[in-house]
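Trainee: I need the structure of the sequence given here:
(chains A and B)
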Amino acid sequence: MAITSIQLSPAFSHEHLRVLIAYLTAPNTLSTSERGMLLQAIDALRDSRVTESGHTHTFAQFYEAFVDAVYADAFLEAIWQAGDVEAVGRQWQAEVARAIRQQFQQQGWYQAGDVNSRVLLAFCLYWWVSFAIGYTFEVEILRDLAQSGVSFRAHDPRQRAERYAPADCTIGAWTGDVKSSAYFFLTARSASLPHDFYVSRYYDSTARQRHRMVILKRYVWEQINGETRPVSFPHWPDLLLHPLRFAFAGQNLIAVDYEVWKEKIRQYQQRGGAARGSETVG
Amino acid sequence: MEAKPLGDMSEHEFAALLDTISEGEFDNLSLPSFMDTLWALEAARTPDVIEVTATIEGETLRLAAPEGVIAHGNEIIVNGKRIVVKLAEAKP
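Mentor: From the prediction side, this is the model:
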């Protein structure tokens, strides 16, 4: 299977490439406008074209055919069955990343010094690593919620049809997603934060560790009886020591430490509280 | 530090970049960076900027908007929402 042509989308500029490399190497140094540009860069890359064996694919289709179809199901099964989800997830993340690089070398898909083949390889690696990190985090959270006695229903990402379900889990009538990265909260085409809650995480560079957090709609927080303090962009603290309320895209949101949220949910369910929908948006 | 352009990297430097991507360090966003990213993504999703020009004639505010946006007197209609802009008395 020989690659005969790699054509980057006309929408993908030198500036997009510069921002992408900056993000991959030093993600906290990007300016606000560069972070927005990154979304366009990834979209433009997904639409770029690669021709192999006479077939032209978008980068996204190429990734689906030669990476996702080969590794995703086995990876998801492995982390689902793992005792230590993070350790197994990281091991697979690294092993498949090595396999992708070897495949590019062995198949001759990578041409030394050719920028376009570098971009294609970097795109496939980035997408795989994001996938691996994302699902490792999701399975960790689903398992932790189950072990913590929180009553919820979750999709099974091992089933392809369920993998693409609109929500990762539901708590009563509340729908939620588990997102390891801020960059997957929003896409160019989706509605802004359609779910009731989002479990995510941020990095504490001082302690060199990640902290789990939940971003949720204010009506959910009010139902589980939480206190908050106001915060506004761009004045965010380095650590989420208190639940913070803020306005975003016309919505009233709360950011709270994951353990605090989880305990509130558990207590709410023990009191017999049933999650209600968004009719009380205020 | 400014990242080196992809085309200028040696094979060794490019391999180091691939190692960095494989580690997934790009996922380590601080809380301020995380929230700034959310903000930036939302702004990037809605890139259409509508410029509305206001003039004050006596005590009347008049708005002028580009074609396709309804502006009448001190009112603008956007996405089914009627926005009424009022002049407040200046405080001493």
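
Trainee: which residues of chain B score low on pLDDT?
Mentor: Scanning chain B for pLDDT under 70 picks out B:1-3, B:45-49, B:67-69, B:79-81, B:89-92.

Trainee: tell me which element the residue positioned nearest the centre of it is part of?
Mentor: Centroid-nearest residue in chain B, with CA atoms, centre = their mean: B:Ala43, separated by 3.5 Å. Assigned by DSSP states H and E, B:Ala43 falls within helix B:31-45.

Trainee: hmm, back to that, I figured the residue nearest to the centre of chain B hits A:Arg35, correct?
Mentor: No - counting by CB atoms under 8 Å, B:Ala43 sits too far from A:Arg35 to count as a contact (9.2 Å). Yep, even glycine has a C-beta here, placed from its N, CA and C like the rest.

Trainee: Can you check the pLDDT for A:Ala249?
Mentor: In this prediction, A:Ala249 carries a pLDDT score of 79.

Trainee: for it, what are its contacts?
Mentor: By CB atoms under 8 Å, 6 or more residues apart in numbering or on different chains, the contact list for A:Ala249 reads A:Ser192, A:Leu193, B:Glu42.

Trainee: how far away is the closest residue to A:Trp92 other than its chain neighbours from chain B?
Mentor: Sequence neighbours aside, A:Phe75 is the residue nearest to A:Trp92 in space, at 4.9 Å (criterion: CB to CB, 6 or more residues apart in numbering or on different chains). Taking CB to the nearest CB, to the nearest Å as the measure, A:Phe75 and chain B are separated by 14 Å.

Trainee: And for A:Glu138?
Mentor: Taking CB to the nearest CB, one finds A:Glu138 at 13 Å from chain B.

Trainee: Same check on A:Asn225?
Mentor: Distance, A:Asn225 to chain B, using CB to the nearest CB: 24 Å.

Trainee: how deep is that residue tucked in, by neighbour count?
Mentor: Residues near A:Asn225, counting by other CB atoms under 10 Å in any protein chain shown, number 11.

Trainee: List the residues that contact it.
Mentor: Residues in contact with A:Asn225, defined by CB under 8 Å, 6+ apart, are A:Lys264, A:Tyr268.

Trainee: how about it, phi and psi?
Mentor: phi 70, psi 60 (degrees, to the nearest 10).

Trainee: Quick check, pLDDT for A:Gly282.
Mentor: Per-residue pLDDT puts A:Gly282 at 28.

Trainee: Could you do A:Ala173 as well?
Mentor: 91.

Trainee: Quick check: the gap between it and chain B.
Mentor: Separation of A:Ala173 from chain B (CB to the nearest CB): 24 Å.

Trainee: Next, B:Ser10: phi, psi?
Mentor: Taking degrees, to the nearest 10 as the convention, B:Ser10 sits at phi -70, psi 170.

Trainee: Counting neighbours, what do you get for it?
Mentor: 11.

Trainee: ditto for the one 10 residues further on
Mentor: The burial metric for B:Thr20, expressed as a neighbour count using other CB under 10 Å, is 16.

Trainee: so it, which of the three states?
Mentor: Three-state call for B:Thr20 (DSSP: H, G, I helix; E, B strand; the rest coil): helix.

Trainee: residues making contact with the helix or strand that contains A:Thr170?
Mentor: Counting by DSSP H and E, the element that carries A:Thr170 is strand A:169-171. With CB under 8 Å, 6+ apart as the test, strand A:169-171 has contacts from A:142, A:145, A:150-155, A:175-178, A:197, A:265, A:275.

Trainee: Which parts of chain B are helices?
Mentor: Using DSSP state H, the helices of chain B run over B:11-23, B:31-45.

Trainee: Turn these into JSON lines, including distance to A:Pro10.
Mentor: Shown next, in JSON lines, are the helices of chain B (distance: least, CB to CB, whole Å):
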{"stretch": "helix B:11-23", "distance to A:Pro10": "24"}
{"stretch": "helix B:31-45", "distance to A:Pro10": "19"}
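
Trainee: follow-up on the earlier one: where's the residue nearest to the centre of chain B relative to A:Ser33, distance?
Mentor: For B:Ala43, the distance to A:Ser33 equals 9 Å [CB to CB, to the nearest Å].

Trainee: try A:Arg229
Mentor: The value you get for A:Arg229 to A:Ser33, if CB to CB is used, is 29 Å.

Trainee: can you check A:Gly89 too?
Mentor: Going from A:Gly89 to A:Ser33 by CB to CB gives 33 Å.

Trainee: ok, these two, which is more surrounded?
Mentor: A:Gly89 (23 against 12).

Trainee: still on that earlier bit, from the helices of chain B, which stretch is densest packed?
Mentor: Greatest average neighbour count among these goes to helix B:31-45 (a mean of 21), per mean count of other CB atoms under 10 Å in any protein chain shown.

Trainee: So chain B: which segments form each domain?
Mentor: B:6-45, B:53-84 (automatic domain parsing).

Trainee: any idea how far the last one is from the chain center?
Mentor: Between the mean C-alpha point of domain B:53-84 and the mean C-alpha point of its chain there is a distance of 22 Å (CA atoms, centre = their mean, to the nearest Å).

Trainee: Can you confirm whether it lies near chain A?
Mentor: No - using CB under 8 Å from any CB of the partner chain, domain B:53-84 stays clear of chain A, with a minimum separation of 10.4 Å.

Trainee: First-to-last residue distance for that domain?
Mentor: 14 Å (CA to CA, to the nearest Å).
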